[in-house]
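>>> Fold the following, please.
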Amino acid sequence: MTQILVPLANGFEEIEAISIIDICRRGGLDVIVAGVDGKTAMGAHNIPIVTDCLITEINANDLEMIVLPGGWNGTVALAKNKTVQSLLKQMQQDDKLIGAICAAPYALNAAGVLSDNYTCYPSIENKIRLEGYSNDQHTIIDGKVMTSQGVGTAACFALEIVKTLQGNDIYQQIKQEILAEC
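Numbering: from 1, shown residues only. Next up is the predicted model:
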């Protein structure tokens, strides 16, 4: 089964993380949720999530994709965490998929793996770079890097991950089941 990693640091955006985890699991993907600050991660709105493992237990060779949820404090922690940054670089080096939503492209940029063309939560581009930023698409796929804007785009972003890894038939099935208007 195709494995993807969703690392959670304290301050992550709950709706983004849960949308990615839930929709990708519905799509038949093996989603590993790894805690950066401990086995339980506290969301930006004080919702705790018990993770499957710690980020230090992850091997990039086992993964097809890494997807970072936003939330500013969680994003900063992902950008500063040596293990997360190393995993991002390894994923790029191995020509594997990388995703980030909301503020999380900031962490991709910190690792040097953000693609030329990207989107993010409006205003975060000022902390990344203006060149290549676009806000006219909810999700941008540039090579092996997929970025999206925020909470309101989370379900469609997760569906794009399913389409990329599992194909259009499963994408359409899940999209119909959850009544998504992507």
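
>>> Only the C-alpha atoms, please, for the strand or helix carrying V33, written as CSV.
Here V33 is covered by strand 30-35, with elements defined by DSSP states H and E. Output in CSV follows, covering the C-alpha atoms of strand 30-35 (Å, rounded to 0.1, in the frame of the first residue of the first chain):
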residue,chain,number,x,y,z
ASP,A,30,-1.6,4.3,4.1
VAL,A,31,-1.3,7.6,6.0
ILE,A,32,1.3,7.7,8.7
VAL,A,33,0.8,10.6,11.2
ALA,A,34,4.1,11.4,13.0
GLY,A,35,4.5,13.7,16.0
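
>>> tell me the average confidence for that strand?
On average, the pLDDT along strand 30-35 is 98.

>>> Name the strands paired with it and say parallel or antiparallel.
Sheet pairing for strand 30-35, assigned by DSSP bridges, gives strand 3-8 (parallel), strand 53-54 (parallel).

>>> Quick check: which of the ones you listed is nearest to E181?
Of all the strands paired with strand 30-35, it is strand 3-8 that lies closest to E181, at 23.7 Å by C-beta to C-beta. Glycine gets a C-beta too; all of them are placed from N, C-alpha and C.

>>> still on that earlier bit, what is the subsequent helix or strand relative to the strand holding V33?
In N-to-C order, the element after strand 30-35 by DSSP H and E is strand 40-42.

>>> Outside of the helix or strand following that next one itself, list whatever touches it.
Moving toward the C-terminus from strand 40-42, the first helix or strand encountered (DSSP H and E) is strand 48-50. Strand 48-50 is contacted by residues 8, 12, 14, 17-18, 33, 39-43 when judged by C-beta atoms under 8 Å, 6 or more residues apart in numbering.

>>> Weed out the non-buried ones from those residues.
Buried subset of these (neighbour count, 16 or more other C-beta atoms under 10 Å): 8, 12, 14, 17-18, 33, 41-43.

>>> if we can go back for a sec, closest to T164 out of the strands paired with strand 30-35?
Using C-beta to C-beta, the nearest of those to T164 is strand 3-8, at 10.3 Å.
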